[in-house]
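>>> fold the following and give me the result.
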Amino acid sequence: MAAPARNTLRDKAGEPSLRPPWRGAPGSHNDGAAGRGARLARWGVIGVPALLAGVLAAIDLDARSLWLDEAATVSIASQHGAALAAAMAHDGGNMLGYYALIHVLIGWFGDSVDVLRLPSVIGGAATTAFVAAIAMRLFDRRVAIAAGLLSAISLPAIYWAQNVRSYALMLAFVAASYLALLALVEAESGRAVRRAGLAYVVAMTLAIYMSFVAVFVIPAQLVALVGHRRRTRAVIAVLLVVAGLCSPLAVLAAARGSGQLFWVPRPDLRDVGQVAVALASAGLQPNFHLTVTSLGLACASVVAFAAAAGLVVAPVVRRVNPTRVRAELVVLAWLVVPAVVSFVESRLAQPTFTARNLVVSLPAAAVLLARVVCDQRLPRLVTAGLLASFVGLRAAQLVPTYGVSPENWRFATTSVLEKAEPGDCIAFYPLDGRMAFTYYLDHPVAIPAIIPRPVWPTTPLRRVLPYVERYTTPDAAALGKIVASCPRLWFVTSHEGSPRGTATSRANYANYVFFLAELQTRYLRSSLATVGWASPIHIWQFGR
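Got it, this is the predicted structure:
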């Protein structure tokens, strides 16, 4: 039988351990300068990539315009008391913890873009730190350094780390829960089990309160029990505690239903391709267009993932010490299982299969890629060349996206205000667009002299209110009053629905087409300007 690999030491119970040899035997410690140097080196392996991720996320932090969902976050978190509770419950409790955090930040520091996006920057840096720590625990320092670099230089990771949405923080807590789970299954004393279990409960609960999609990793995490069945009861116990702590979210989600996901269609090959490209950090569609190097990076990453799968399967097929592949199996499950669970759910029940929901697997992609690149059977020069190639290709996807606004509400708002005249009115479809427009009324380069009068909805634009998923139009009487009182009407639309989407999306789009046709009939002239491409903003101007 082949000798055990570096990641297959056995613990006191005779079961395989994920503890790499450099960590030393249980209970041992290093003294003196050598010990301090080793600890400093370990912290450097974790801290340097985390610092890099933080710097990359902080570059041009306020350059990209808020998009519709970010504006929704601001509007929800700006409420108080019962209005805040109702706004947070509208999404069925999804991102409830994140909205609460942003509410506190707005109260303390205001609602500038830098303040709003700072938690995501911290989340991005923390994710990279946890990724390096996980790779170091499962493999060795070389893999940890590579995994940290690959995690830091990732277009999807940096995009969400520059976003007023919860995904970066959710990802950090998911990665932290993985690290705690590995400590739990390896624990050799009751005290260590309790400490690791508590850390897992805190991390996973916070992850789910950041976003429901964190639950996709739980089936994958159970793979860590392979070879550590004695910890099954402890893992089940902590999962039950997490379930209990998240039960209020379950109640809110059940009351809300699946309506908030009306825009997600059943997945097809295009969706599978977008998810694969995102996990390979080769792009982030439809927000950013693929480049000439995107396909090469995506293909190279898929080959590396296949090689990692081979590291898991080959020893099992040959019946050669299958416990050697436990570490690779844990990471491979993290990459694959959430996508499989989401895809099956999307085909049988509620569609959830999107690149943003499967960002939970992004850290696994970095660790798995690092494991293949840093395989000890490869010469060091080959390893260095492969790592440099992957880092360079990832940077080639990331750098051109800085400051680019696929959905530029800042420009759209400025365009309307610069051309507004006395007596102008403004309407939105869906009403969601009002939230983004309102934000840039309060954060202009120069205070506009003329602000169009809102007629749909009629709430004064200076008042910040959440209008999430409000696909309503005025009835005939209300429309008649709008036309009679508005010699010029600005009609701003985005996310109108899709004629090829779900039933709800088709109905929303049909409602939009009917409303637009009515306006074109009642006004003598109209013009259209389009801003952005991911979800284009259409600015109609109607006049008599």
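>>> which residues in the stretch 301-450 of the chain form helices?
Ranges of helices in the stretch 301-450 of the chain, per DSSP state H, counting those that start in this stretch, are 326-348, 362-373, 380-398, 409-419, 433-441.
>>> tell me which of the ones you listed is the most buried.
Highest mean neighbour count of the helices of the stretch 301-450 of the chain: helix 362-373, a mean of 28 (counted as mean count of other Cβ atoms under 10 Å). For glycine as for every other residue, the C-beta is placed from the backbone atoms N, C-alpha and C.
>>> counting by contacts, list what that helix packs against.
Contact here means 3 or more Cβ pairs under 8 Å, 6 or more residues apart in numbering; DSSP states H and E; on that basis helix 362-373 packs against helix 113-138, helix 141-152, helix 167-186, helix 269-279, helix 294-318, helix 326-348, helix 380-398.
>>> and those, which one is worst for confidence?
When the helices and strands packed on helix 362-373 are ranked by mean pLDDT, helix 294-318 comes last with a mean of 85.
>>> contact partners of it?
276-277, 279-283, 321-322, 324-325, 328-329, 331-332, 335, 365, 368-369, 371-373, 389-390, 393-394, 396-397 (Cβ atoms under 8 Å, 6 or more residues apart in numbering).
>>> circling back to that earlier point, can I get the helices of the stretch 301-450 of the chain in CSV with distance to residue 50?
Output for the helices of the stretch 301-450 of the chain, formatted as CSV (distance: least, Cβ to Cβ, whole Å):
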stretch, distance to residue 50
helix 326-348, 19
helix 362-373, 13
helix 380-398, 16
helix 409-419, 30
helix 433-441, 31
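>>> nearest to residue 84, of those?
Nearest of those to residue 84, taken as Cβ to Cβ: helix 433-441 at 15.1 Å.
>>> next helix or strand past the closest one?
Beyond helix 433-441 on the C-terminal side, the first helix or strand identified by DSSP states H and E is strand 453-456.
>>> that next one - contacts with which helices or strands?
Judged by 3+ Cβ pairs under 8 Å, 6+ apart, strand 453-456 is in contact with strand 425-429, helix 476-485.
>>> buried deepest among those, which one?
strand 425-429 (a mean of 24).
>>> from the chain's centroid, how far away is that strand?
Average the C-alpha atoms of strand 425-429, do the same for its chain, and the two points are 31 Å apart (Cα atoms, centre = their mean, to the nearest Å).
>>> partner strands of that strand, parallel or antiparallel?
strand 453-456 (parallel), strand 488-493 (parallel) (DSSP bridges).
>>> okay, these, which one's buried deepest?
Of the strands paired with strand 425-429, the one with the most neighbours on average (mean count of other Cβ under 10 Å) is strand 488-493, at a mean of 22.
>>> and the following helix or strand past that strand, what does it pack onto?
Next helix or strand after strand 488-493 toward the C-terminus (DSSP H and E): helix 503-522. Helices and strands touching helix 503-522, by 3+ Cβ pairs under 8 Å, 6+ apart, are strand 425-429, helix 476-485, strand 488-493, strand 537-543.
>>> want to throw those into a markdown table with distance to residue 520 and mean pLDDT?
Converted to a markdown table, the helices and strands packed on helix 503-522 look like this (distance: least, Cβ to Cβ, whole Å; pLDDT from 0 to 100):
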| stretch | distance to residue 520 | mean pLDDT |
| --- | --- | --- |
| strand 425-429 | 13 | 97 |
| helix 476-485 | 11 | 95 |
| strand 488-493 | 10 | 98 |
| strand 537-543 | 8 | 97 |
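>>> out of those, flag the one nearest residue 384.
Nearest of the helices and strands packed on helix 503-522 to residue 384, taken as Cβ to Cβ: strand 537-543 at 45.4 Å.
>>> distance between that closest one and the chain's centre?
32 Å.
>>> please apply the same query to stretch 75-91.
Counting by Cα atoms, centre = their mean, stretch 75-91 comes out at 22 Å from the chain centroid.
>>> quick revisit: nearest to residue 457, of the helices and strands packed on helix 503-522?
Taking those one by one with Cβ to Cβ, strand 425-429 is closest: 7.4 Å.
>>> now do the contacts for the closest residue to residue 334 other than its chain neighbours.
Leaving aside its sequence neighbours, residue 334 sits nearest to residue 364 (Cβ to Cβ, 6 or more residues apart in numbering; 3.6 Å). Residue 364 sits next to 331-332, 334-335 when contact means Cβ under 8 Å, 6+ apart.
>>> where does residue 266 land on pLDDT?
Value for residue 266, per-residue pLDDT: 90.
>>> count the neighbours of the residue nearest to it when sequence neighbours are not counted for me.
Spatial nearest neighbour of residue 266, excluding adjacent residues (Cβ to Cβ, 6+ apart): residue 351 at 5.2 Å. Using other Cβ atoms under 10 Å, the number of residues around residue 351 comes to 22.
>>> what's the answer for the one 4 residues further on, then?
The tally of other residues near residue 355 (other Cβ under 10 Å) stands at 21.
>>> ok, which of the helices of the stretch 301-450 of the chain comes nearest residue 223?
helix 326-348 (4.0 Å).
>>> taking helix 269-279 as reference, get the angle to that closest one.
For helix 326-348 against helix 269-279, the angle by axes from the mean of the first three to the mean of the last three Cα atoms, to 10 degrees is 150 degrees.
>>> surely residue 347 and residue 266 touch.
Yes. Assessed by Cβ atoms under 8 Å, residue 347 is found in contact with residue 266 at 6.4 Å.
>>> ok, residue 65 to residue 468 distance?
Distance, residue 65 to residue 468, using Cβ to Cβ, to the nearest Å: 19 Å.
>>> show me which of these two is the more surrounded one.
residue 65 (25 against 19).
>>> ok, the more buried one - contacts?
Applying Cβ under 8 Å, 6+ apart, the residues near residue 65 are 405, 407-411.
>>> next: residue 231.
184-185, 187, 193, 225.
>>> at 6 Å instead, please
Neighbouring residues of residue 231 by Cβ atoms under 6 Å, 6 or more residues apart in numbering: residue 185.
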